[in-house]
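K.L.:
Next come a sequence and a model predicted from it.
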Amino acid sequence: HIKKMALRALVGCKRVIDYAVKIRVKPDKMGVVTEGVKHSMNPFDEIALEEAVRMKEKKLVSEIVAVSCGPTACQETLRTALAMGADRAVHVEVNGEDYDNLQPLAVSKIFAKLVQQEKADLLFLGKQAIDGDCNQTGQMVASLLDWPQATFTSKIDKEGDSLKIIREVDGGLEHIEVKIPVVITADLRLNEPRYATLPNIMKAKKKPMAKYTPADFEVDISPRLKIISVEDPPVRQAGSKVENVDELIEKLKGAGVI
Amino acid sequence: MSLMNRIITLNEVAGILVCQSGCILENLDDLLAEKGLMMPLDLGAKGSCHIGGNASTNAGGLRLLRYGSLHGSILGLEVVLADGTVLDCLSTMRKDNTGYDLKQLFIGAEGTLGVVTAVSILTPPRPKCVNVALMGCVDFSQVQNVYLTAKKYLGEILSAVEFFDEGSSQLVKRQLGLQNPLEACPFYVLIETSGSNEKHDQEKLDSCLEYLLSHKIIEDGTVATDQTKIKLLWGLRENITEALVKDGVTYKYDISLPLEYLYDLVEIMQHRLKGVAKYTIGYGHVGDGNLHLNIVGETHSNELLNEIEPFVFEWTAQHKGSISAEHGLGFKKAKYIHYSKTPEAVQLMTKLKSLFDPKGILNPYKMLPQR
């Protein structure tokens, strides 16, 4: 791995159903309705991208490449990434049933190959995608590349050839130091992503976008897991309002609680 | 009235809802959302206002630009008259030219001619794709230009055009911590598009914004890329009222004016009230020519009030505007009706009132000046 002064960052930007949309399970119970539903960039990926852009503004990163795997509509997500500050984009096209069955291991293999091809020093990802909630890609890519990983990051500072990281863990905050090159996954409190301003949205249209397929990286994307069914969570039982304390006591006695 | 909150019928094909007047607007909209439909109006109070009240006040709101006023979207009303008669004008017909259109009298009558107990209303299809853009302008003529350009480029997908000034933007930041993503500008314009095809709408919006930017009609702008950002951008406009409440004593005026004078009144009041008021801000529905003028003072002050009224009403009358665009006259402004209506008109209104309510029991002292 060649040492460089300024770093190149690769950022994964997944196109997912918008966070605010009400999810509906498909009648065949094999997935959720995506047709005609509003999609946007995975919020954690947005945070990851914002961090890369801030590092670029501090001149710690010289180039940001945004990457997305999926159908043609992913190019929309990549345009947003370019508008937020990425320099160029890579779209790895995966369509239809192949895309429905695209799982983290396959995505990790594609990312590992891309990182090597683009000679990236940093791979930024969201900690998990809000559709799959797998929280696996970052860790798997680090393993495939034999790179250190800093997951659930809430603060990143550069010191020499290393990054000083604060991670959010169950017990609180963990301070670690990792050597570059490294895989970083972003957690909610890392930063607040910027709005893309119009001049940048216009400029983004002219930034380069390269297109590939998984075959270009010799990656086998066949699934290792099979989805058996997707169901709504059980309906919450309704509560009831009582008119006064006497009625409350009566109900509590009836429920055998007092 | 809140107990009368039943849905009577919903015709999904025609898009017509009939319900009792105690139904809350937001609840109706949520219900219609399940069917891919929506209510033709939207306002800040949607979580608590009754549809019957909306009818009686001819409520305006944020989407009048696209779906028109309730005078057009309400198909029928059931009204209880002063003598107890239940007047059934609850038609669900789009077209019905049989006799005088009585329901129009009750819409906006503020309950002074009868009590609305049921409403039949059009329910347009819910848009599949909504986009929001916020832009910064250096002066109000640019704001007008934005509106003109938006109409040309966005045409049928345009669903809202709102503006607010720098004072309003600073206010929501100060009181509610809401951050405007744009550089400081004297004016901000928020545009919303609602359509059925995402690709088509995005292309139209893109070419509109590109035109605005390249012709320097706007200084800066941003487009919301997801639902959360859409809510945040709308929040900058919708929360101004709440922020005002926290910032001092507010004197509020809801004025309709020809578009070219819309902001002049704000500047005139800022000048006139220097040293007397804390500040004056303006925001509102550009597309409808409706200004919400707000003057903030430290405390209640007759001195300040006398500097404002009747000057504001006189100025509005001189420029052929309305002293109450959507908020109505109620109790406080009943005596000012002559600033926007001729004596002959007011006389006829008084005659109608006597006809409908000879004993004066329906919302007395409201809307019309006392004899």
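P.N.:
Here it is on my side, so go on.

K.L.:
From now on I want contacts and neighbour counts done on CA atoms only, so please keep to that.
P.N.:
Will do.

K.L.:
Identify the residues contacting the host helix or strand of B:E303?
P.N.:
B:E303 is part of helix B:302-308, with elements assigned from DSSP states H and E. When contacts are defined by Cα atoms under 8 Å, 6 or more residues apart in numbering or on different chains, helix B:302-308 is touched by residues B:M269, B:R272, B:L273, B:V276, B:A277, B:G297.

K.L.:
From these, which land in strands?
P.N.:
Among these, the residues falling in strands (DSSP state E) are B:G297.

K.L.:
Same list (the contacts of helix B:302-308) but as CSV, adding pLDDT.
P.N.:
Shown next, in CSV, are those (pLDDT from 0 to 100):
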residue, pLDDT
B:M269, 96
B:R272, 95
B:L273, 94
B:V276, 91
B:A277, 93
B:G297, 93
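
K.L.:
Now the buried members of the contacts of helix B:302-308.
P.N.:
The neighbour count (16 or more other Cα atoms under 10 Å in any protein chain shown) marks B:M269, B:L273, B:V276, B:A277, B:G297 as buried among the contacts of helix B:302-308.

K.L.:
Identify, from those residues, the entry nearest to B:E309.
P.N.:
B:M269 (10.9 Å; Cα to Cα).

K.L.:
wait, isn't that closest one in contact with B:G282?
P.N.:
No - with contact defined as Cα atoms under 8 Å, B:M269 and B:G282 do not form a contacting pair (10.3 Å).

K.L.:
and the residue in chain A positioned nearest to chain B, how many residues sit next to it?
P.N.:
In chain A, no residue comes nearer to chain B than A:T197, which is 4.3 Å away by Cα to the nearest Cα. Around A:T197 there are 21 other residues, counting by other Cα atoms under 10 Å in any protein chain shown.

K.L.:
and it, what does it touch?
P.N.:
Per Cα under 8 Å, 6+ apart, neighbours of A:T197: A:A83, A:M84, B:L182, B:D220, B:G221, B:T222, B:V223.

K.L.:
what about the strands in the stretch 51-200 of chain A?
P.N.:
Here the stretch 51-200 of chain A has its strands, by DSSP state E, counting those that start in this stretch, at A:61-70, A:88-93, A:122-126, A:149-159, A:162-169, A:172-179, A:182-186.

K.L.:
same thing with chain B?
P.N.:
Going by DSSP E, chain B shows strands at B:7-11, B:16-20, B:74-80, B:86-89, B:115-122, B:129-137, B:158-165, B:187-195, B:220-223, B:249-256, B:279-285, B:290-297.

K.L.:
Output the helix holding B:E303 as PDB, nothing but the C-alphas.
P.N.:
In PDB, the C-alpha atoms belonging to helix B:302-308 read as follows (Å, rounded to 0.1, in the frame of the first residue of the first chain):
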ATOM      1  CA  ASN B 302     -51.900  51.700  23.600                       C
ATOM      2  CA  GLU B 303     -49.300  54.000  22.200                       C
ATOM      3  CA  LEU B 304     -48.000  51.200  19.900                       C
ATOM      4  CA  LEU B 305     -51.600  50.100  19.000                       C
ATOM      5  CA  ASN B 306     -52.600  53.700  18.000                       C
ATOM      6  CA  GLU B 307     -49.600  53.900  15.700                       C
ATOM      7  CA  ILE B 308     -50.700  50.700  14.000                       C
END
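
K.L.:
Any buried residues in that helix, and which?
P.N.:
Residues of helix B:302-308 classed as buried by neighbour count (16+ other Cα under 10 Å): B:L304, B:L305, B:I308.

K.L.:
Go through the residues you listed and say which is closest to chain A.
P.N.:
Proximity of the buried residues of helix B:302-308 to chain A (Cα to the nearest Cα) peaks at B:I308, which lies at 39.1 Å.

K.L.:
Next one, pLDDT for that closest one please.
P.N.:
pLDDT for B:I308: 95.

K.L.:
State the distance from the closest residue to chain A within the stretch 151-300 of chain B to A:Q149.
P.N.:
Residue nearest to chain A within the stretch 151-300 of chain B: B:T222 (4.3 Å; Cα to the nearest Cα). Distance of B:T222 to A:Q149, given as Cα to Cα, to the nearest Å: 34 Å.

K.L.:
Ok, A:R189 next?
P.N.:
In terms of Cα to Cα, A:R189 sits 18 Å off from A:Q149.

K.L.:
and what of A:E218?
P.N.:
A:E218 sits 24 Å away from A:Q149, going by Cα to Cα.

K.L.:
next one: A:Q103
P.N.:
Distance, A:Q103 to A:Q149, by Cα to Cα: 20 Å.

K.L.:
Burial check on the residue lying closest to B:M4 once chain neighbours are set aside, number of neighbours?
P.N.:
Leaving out its chain neighbours, the residue that sits closest to B:M4 by Cα to Cα, 6 or more residues apart in numbering or on different chains is B:G22, at 4.9 Å. For B:G22, the count of nearby residues is 22 (other Cα under 10 Å).

K.L.:
repeat for A:Q139
P.N.:
19.

K.L.:
and the nearest residue to it once chain neighbours are set aside, how many neighbours?
P.N.:
Closest residue to A:Q139 apart from its sequence neighbours, by Cα to Cα, 6+ apart: A:Q149 at 6.7 Å. By other Cα under 10 Å, 21 other residues sit near A:Q149.
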